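Trainee: structure of the sequence below:
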Amino acid sequence: QVQLVESGGGLVQAGGSLRLSCAASGRTFNRYIMAWFRQAPGKDREFVAASTRSAERTYYADYVKGRFTISRDNAVNTVYLEMNMLKPEDTAVYYCAATETVASSNYYFVAATYNYWGQGTQVTVSF
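Mentor: Here you go, the predicted structure:
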């Protein structure tokens, strides 16, 4: 089992940057596929980015591609989300998620794939 704690959210102006961190407990972090999702008020939770166990592959939603970067440091049990050129529509609670297995590459984008979730961190982008 793994516990996830996000940090790094906050208020930023449009065009600005933020770096989110997700610290995982336990000694088997490199067994987990990690992802970021987000949920805006009144909307469903949506996929943002995912990383395979050793970051050999990363996946991004089209609406963040080229602006956000997911990375991980298995030595310190942490996954990051670097967010640049932020837009007001990026405003949401951002969640870190983990799973040990994914049925196929189509499932990286599906919230139900992930067994473990953090509590979320608020990101607000002002005009």
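Trainee: could you measure from the residue nearest the centre of the chain over to residue 47?
Mentor: Residue closest to the average C-alpha location in the chain (C-alpha atoms, centre = their mean): residue 36, at 1.9 Å. Plainly put, residue 36 is 8 Å away from residue 47 if you go by C-beta to C-beta, to the nearest Å. All C-beta spots, glycine's among them, are computed from the backbone N, C-alpha and C.
Trainee: so residue 93 bridges to which residues?
Mentor: residue 39, residue 122 (DSSP bridges).
Trainee: count the residues that sit near the nearest residue to residue 115 once chain neighbours are set aside.
Mentor: In space, and not counting its chain neighbours, residue 115 is closest to residue 99: 5.2 Å by C-beta to C-beta, 6 or more residues apart in numbering. By other C-beta atoms under 10 Å, 19 other residues sit near residue 99.
Trainee: shouldn't residue 89 be within a helix?
Mentor: Yes - per DSSP: H, G, I helix; E, B strand; the rest coil, residue 89 lies within a helix segment.
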